[in-house]
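**Student:** Sequence and computational prediction follow.
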Amino acid sequence: MTKKYLITCAQYNARANSKFLDSMNHYCKEHDADLVVMGTYGKHNRERTFRPSLINKLAEFDRAHVLEGTQEMKFNTKIRAQRRMGYPQNARPLTGLRRRASKTGSLIIENPKQYFEVAPNSVDDLPRLLMSTGACTRPNYNDSDDKTTSFMRLRRGLNARDDHTYGAVILEIEDDKIFHARHVKSSKKTGRFVDLGIEYFPDGTQREAKLSQMILGDWHSGDTDPQVREATFRMFSEFSPSEVYLHDFFNGHSISHHLTKQVVTKAKMYHRDLQGMTLEGELEQAARELEQIYLANNKQDLYLVASNHNEWLDRYIQERRFASDDLNFRMAVKLADAMNEDKDPLEYGLRRFWQSMPNNITFLPRRNDHKRWGYLLGAHGDRGKSGARGSIRSMEESYGKAIVAHSHTPANWNNDTLVVGTSTKLDLPYTDGYASSWMNTHCLMWEHGRPQLAHIIHGRYKGE
């Protein structure tokens, strides 16, 4: 039976967020979960006691564990919560902890910001997770100009107050090795929060929450993991997202420039799947897959985000590589003619095999400002600012709020900039021998703009 925990932090000498704590208490009673609260500093490291109001609220929980000093709580052999004694004003709470995770395993630390990063691991095992919790207390920083606070402390305090997040980590322990972990974020005023389609309120009630958008990890049709595909379709059935976003939907293995000089590898791939290794066959298979995704989500709106793998078609044609590719020449000429008429070659190619493609399937171009709830959803993440390569830092600095893909490595920077993972198998031929930070991760955007990363572990996205 899955054991559940709700893990958050509390600043010393800070007022309790009573409504959020009441909502968490409701969750704990509903799921027979334990609350874990980690203490963290307030305005300075001399504040080391909780206010009585917080202690009284914690006493209302059936099981509440408080971690102070350097205490830790080990949940199974793979993950623990541990106080790292960092300052809550630090802009990046997970800095320097990847090397620690490589030695001790996945780690949840105390901090009023919600960050999530992944430390690479052997491809024979899952990556190690690093998470900071969010807080259950009101902000307690040097954020007012009372003429006794230095400029630098005031600046750090103001930034920390702006980034202060009411939230927690939900941790589900299946056994000694397998766990599921995800962030939940509370509304500032009401204290309510959403987890996997259920919204919890401080008065002890709950309701179903609408899933507005679902951003899938890079799909790579043909390389998609069957377990991830099945889990994704189950999520469609359970949550019924209004919009689904696909990154790197087209894989491009039939025309890959990486395989140009790998004769033996290509021969093996031809032997396994001759049809899928032709451009025509790959487009036909991708068109069938797109139709299956569309039908599985009840014919709701579907968006294909312009991505680097999708654009391998453009590159293949622009570089005239099809001129010496007898197997794909005929189809490539048709795509080149479409490009000459300013048509997207991928859309044109897919429509050849799905001629009745509905109008609510949209191919987003590179130059667009497609947003939902203030989040940019139309950027793949491979292109950064001013011609540089993409990175989560450049996404944050450029867009403020965005959900991107590309790296196959999920991340969450305080619920403003998030990165989904991949929908492929985690051990592909070109990852052989490398440590990996890849994960099968989608992003669920609940109504009113509340994102949540959901990781698919061994075909499951939640504890069972």
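**Tutor:** Received, thanks.

**Student:** Mind naming the longest strand for the chain?
**Tutor:** When the chain is parsed with DSSP state E, its longest strand is strand 3-11.

**Student:** Counting by contacts, list what that strand packs against.
**Tutor:** For strand 3-11, the contact count by 3 or more CB pairs under 8 Å, 6 or more residues apart in numbering; DSSP states H and E identifies helix 18-31, strand 34-40, strand 167-173 as packing neighbours. C-beta coordinates here come from the backbone N, C-alpha and C atoms, glycine included.

**Student:** Only the C-alpha atoms, please, for stretch 90-108, written as PDB.
**Tutor:** The C-alpha coordinates for stretch 90-108 follow below in PDB (Å, rounded to 0.1, in the frame of the first residue of the first chain):
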ATOM      1  CA  ASN A  90      18.900  32.500  -1.700                       C
ATOM      2  CA  ALA A  91      17.800  33.000  -5.300                       C
ATOM      3  CA  ARG A  92      18.600  29.400  -6.300                       C
ATOM      4  CA  PRO A  93      18.000  27.000  -3.400                       C
ATOM      5  CA  LEU A  94      19.300  23.900  -5.100                       C
ATOM      6  CA  THR A  95      22.600  25.300  -6.100                       C
ATOM      7  CA  GLY A  96      25.500  23.000  -5.200                       C
ATOM      8  CA  LEU A  97      23.300  20.000  -4.300                       C
ATOM      9  CA  ARG A  98      23.600  17.900  -7.400                       C
ATOM     10  CA  ARG A  99      26.900  16.400  -6.200                       C
ATOM     11  CA  ARG A 100      25.300  15.600  -2.900                       C
ATOM     12  CA  ALA A 101      22.400  13.800  -4.600                       C
ATOM     13  CA  SER A 102      24.900  11.700  -6.600                       C
ATOM     14  CA  LYS A 103      26.100  10.300  -3.200                       C
ATOM     15  CA  THR A 104      22.900  10.100  -1.100                       C
ATOM     16  CA  GLY A 105      20.000   9.900  -3.600                       C
ATOM     17  CA  SER A 106      17.000  12.100  -4.200                       C
ATOM     18  CA  LEU A 107      16.700  15.000  -1.800                       C
ATOM     19  CA  ILE A 108      13.900  17.300  -0.600                       C
END
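
**Student:** Now do the buried residues in it.
**Tutor:** Using 16 or more other CB atoms under 10 Å as the test for burial, stretch 90-108 gives 92, 93, 94, 97, 98, 100, 101, 105, 106, 107, 108.

**Student:** just these now: which is nearest residue 334?
**Tutor:** Among those, residue 98 lies closest to residue 334 (CB to CB), at 47.6 Å.

**Student:** Narrow the buried residues of stretch 90-108 to those in strands?
**Tutor:** Counting by DSSP E, the buried residues of stretch 90-108 place 106, 107, 108 in strands.

**Student:** residue ranges for the strands of the stretch 201-350 of the chain, please.
**Tutor:** All strands of the stretch 201-350 of the chain, identified by DSSP state E, counting those that start in this stretch, fall at 206-208, 211-215, 243-246, 301-305.

**Student:** Could you save those strands as a markdown table and add columns showing distance to residue 194 and mean pLDDT?
**Tutor:** Below are those laid out as a markdown table (distance: least, CB to CB, whole Å; pLDDT from 0 to 100):
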| stretch | distance to residue 194 | mean pLDDT |
| --- | --- | --- |
| strand 206-208 | 10 | 97 |
| strand 211-215 | 9 | 98 |
| strand 243-246 | 17 | 98 |
| strand 301-305 | 21 | 98 |
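
**Student:** Throw the ones you listed into JSON lines and include mean neighbour count, thanks.
**Tutor:** Output for those, formatted as JSON lines (neighbours: other CB atoms under 10 Å):
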{"stretch": "strand 206-208", "mean neighbour count": "13"}
{"stretch": "strand 211-215", "mean neighbour count": "23"}
{"stretch": "strand 243-246", "mean neighbour count": "24"}
{"stretch": "strand 301-305", "mean neighbour count": "21"}
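
**Student:** okay, the ones you listed in TSV with distance to residue 368 next?
**Tutor:** Shown next, in TSV, are these (distance: least, CB to CB, whole Å):
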stretch	distance to residue 368
strand 206-208	32
strand 211-215	15
strand 243-246	12
strand 301-305	9
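
**Student:** To residue 411, which of those lies closest?
**Tutor:** Shortest distance between residue 411 and the strands of the stretch 201-350 of the chain, using CB to CB, is found for strand 211-215: 13.3 Å.

**Student:** Quick one: distance of stretch 409-428 to the chain centre.
**Tutor:** In terms of CA atoms, centre = their mean, to the nearest Å, the centre of stretch 409-428 is found 4 Å from the chain centre.

**Student:** CA atoms only: put that stretch into PDB for me.
**Tutor:** Extracted in PDB, the C-alpha atoms of stretch 409-428 (Å, rounded to 0.1, in the frame of the first residue of the first chain):
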ATOM      1  CA  THR A 409      15.300  16.800 -18.500                       C
ATOM      2  CA  PRO A 410      12.400  18.200 -16.500                       C
ATOM      3  CA  ALA A 411      12.800  21.300 -14.300                       C
ATOM      4  CA  ASN A 412      10.700  23.700 -12.300                       C
ATOM      5  CA  TRP A 413      12.000  27.200 -11.400                       C
ATOM      6  CA  ASN A 414       9.400  28.400  -8.800                       C
ATOM      7  CA  ASN A 415       6.400  27.600 -11.100                       C
ATOM      8  CA  ASP A 416       7.400  30.400 -13.500                       C
ATOM      9  CA  THR A 417       9.600  28.500 -15.900                       C
ATOM     10  CA  LEU A 418       9.000  24.700 -16.300                       C
ATOM     11  CA  VAL A 419      10.600  22.100 -18.600                       C
ATOM     12  CA  VAL A 420       8.900  18.900 -19.500                       C
ATOM     13  CA  GLY A 421      10.800  15.700 -20.100                       C
ATOM     14  CA  THR A 422      10.600  13.100 -22.800                       C
ATOM     15  CA  SER A 423       8.000  10.500 -23.800                       C
ATOM     16  CA  THR A 424      10.600   8.200 -25.300                       C
ATOM     17  CA  LYS A 425      12.400   5.200 -23.800                       C
ATOM     18  CA  LEU A 426      15.100   6.500 -21.400                       C
ATOM     19  CA  ASP A 427      17.800   4.200 -22.900                       C
ATOM     20  CA  LEU A 428      18.100   4.900 -26.600                       C
END
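
**Student:** Many thanks, we can stop here.
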